[in-house]
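> Could you work out the structure for the sequence below:
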Amino acid sequence: MHTTLKKALTLLCFFCLTTLALPTQAAKLSQRPDVQAFIQTMVQQDNFNAKSLNKLFDEVELQPKSIELISNPAEKKDWLFYRKHFITDKRVTDGYRFWQRHYKVLANLQKQYGVPASVIVAILGVETFYGERQGNYRVMDALTTLAFDYPPRQKFFQKELAEYLRLTREHDIAPLSLKSSYAGAIGMPQFMPSSYRRYAVTYKSPHHVNLQKNNNDIMASVANYLKENGWQRGEPILTKTVVTQKSALKTIVPNVPPTKTLGELRALGFKVDSKYSSTLKANIVQLATPDGSLYEMGFNNFYTIMRYNTSVNYAMAVYMLSSILDECQQEKLMSCGIA
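So this is what the prediction gives:
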């Protein structure tokens, strides 16, 4: 082979290998067919600007961690693990202090909405430790990741992404500025964008509702959410039960909203304190533990808490935390913790 030709081929091979070794430039997110279809829908249905949305999505940073975390949520753990994590002395103590700081507003909200102050505080405690842990993911990053790269709930998260874009437009917020949980839940009460738009309310002020920093708005929004989702003023949440006939469990679908009265459940073989009216509707709450299931009797208000989060462990943690806080408040303790 001619020396000059040989050198030329050597250089060409080196160039090809070097080029292959270089990382390829990532395609712009807006160019993905599924993202582009979403953008066009937002343009057609909500009159968004296509150019602005394309630019916005090209600035999104996908978060694989969101997929990892949503695939293994704490709610899937057994009840004893969940209780140990969420019912702690610090969460009780901080909740009691939060209640004292906002006592007057909470009392007003309890009167207006019928939701006990202890339940409002407990939800904020379980959700974000009273605002300390609101999340470090950008909402756009988290929602976009789950909307397009998490097939099991793609439809849900595309809906929430659309709601978020509407929300930021309505409130004149830069879409990349808000932080959230790994799943796109916003603020101290961790409202998804659709809940933010539908249930968030201000507390006696004309400003845009602020679920990140305005404690009055935050507490009012939680109360409004529960009331709008079926909370019944003055009704109980949960009570103990004894299963007197194991066969009765086969006739009940646990952890779903009540369809039977306490009278019917007692007749089936569930023993419940006689102070509760037989006409109250209730259902069995089943809690998984390493040693088998525990059973409680949940009323309408327990299942209303499950509208906030569909996990029975979550609702039970809110109920238990609120009960402890109630005891502390009633006894006028200077400090509060788990007895």
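
> For residue 125, which non-adjacent residue is spatially closest?
The spatially closest residue to residue 125, leaving aside those adjacent along the chain, is residue 95, at 4.6 Å (Cβ to Cβ, 6 or more residues apart in numbering). Yep, even glycine has a C-beta here, placed from its N, CA and C like the rest.

> show me what contacts the one you found?
121-122, 124-125, 130, 321, 325, 336 (Cβ atoms under 8 Å, 6 or more residues apart in numbering).

> go on, residue 299?
235-239, 258, 280-282.

> go with 6 Å
235-236, 282 (Cβ atoms under 6 Å, 6 or more residues apart in numbering).

> Where does pLDDT dip in the stretch 151-300 of the chain?
Across the stretch 151-300 of the chain, not a single residue meets the criterion (pLDDT under 70).

> any weak-confidence spans in the stretch 1-150 of the chain?
Ranges of the stretch 1-150 of the chain meeting pLDDT under 70: 1-26.

> Tell me which residues are up against the host helix or strand of residue 301.
Using DSSP states H and E, residue 301 sits in helix 300-308. Helix 300-308 is contacted by residues 226, 229-232, 235, 237-238, 257, 315, 318 when judged by Cβ under 6 Å, 6+ apart.

> Give me the subset of those lying in helices.
226, 315, 318 (DSSP state H).

> ranking the contacts of residue 299 by neighbours, who comes first?
residue 282 (28 neighbours; other Cβ atoms under 10 Å).

> From the contact counts, what lies against the strand or helix carrying it?
Taking DSSP H and E as the definition, one finds residue 282 inside strand 281-289. Contacts defined by 3 or more Cβ pairs under 6 Å, 6 or more residues apart in numbering; DSSP states H and E place strand 281-289 against helix 79-86, strand 292-299.

> how big is the angle separating the first one from strand 281-289?
Going back to what we said before, that points to helix 79-86. Helix 79-86 and strand 281-289 are oriented at 90 degrees to each other (axes from the mean of the first three to the mean of the last three Cα atoms, to 10 degrees).

> Helix 79-86 - contacts with which helices or strands?
Counting by 3+ Cβ pairs under 6 Å, 6+ apart, helix 79-86 packs on strand 281-289, helix 312-330.

> Give me the buried positions along the last one.
Of the residues in helix 312-330, 312-322, 324-326, 328-329 count as buried by neighbour count, 16 or more other Cβ atoms under 10 Å.

> Closest to residue 138 out of these?
residue 314 (24.7 Å; Cβ to Cβ).

> now that closest one, nearest residue through space, not along the chain?
That would be residue 75: by Cβ to Cβ, 6+ apart, it lies 5.9 Å from residue 314.

> before we move on, what about residue 43?
Distances taken as Cβ to Cβ, 6+ apart put residue 50 closest to residue 43, at 4.9 Å, once the chain neighbours are dropped.

> What's the separation between the one you found and residue 145?
Counting by Cβ to Cβ, to the nearest Å, the separation of residue 50 from residue 145 is 22 Å.

> Which one of these two is surrounded by more residues?
The residue with more neighbours, out of residue 50 and residue 145, is residue 145; 25 against 14, by other Cβ under 10 Å.

> So that one sits against residue 64, correct?
No. When contacts are counted by Cβ atoms under 6 Å, residue 145 is not listed as touching residue 64 (7.4 Å).
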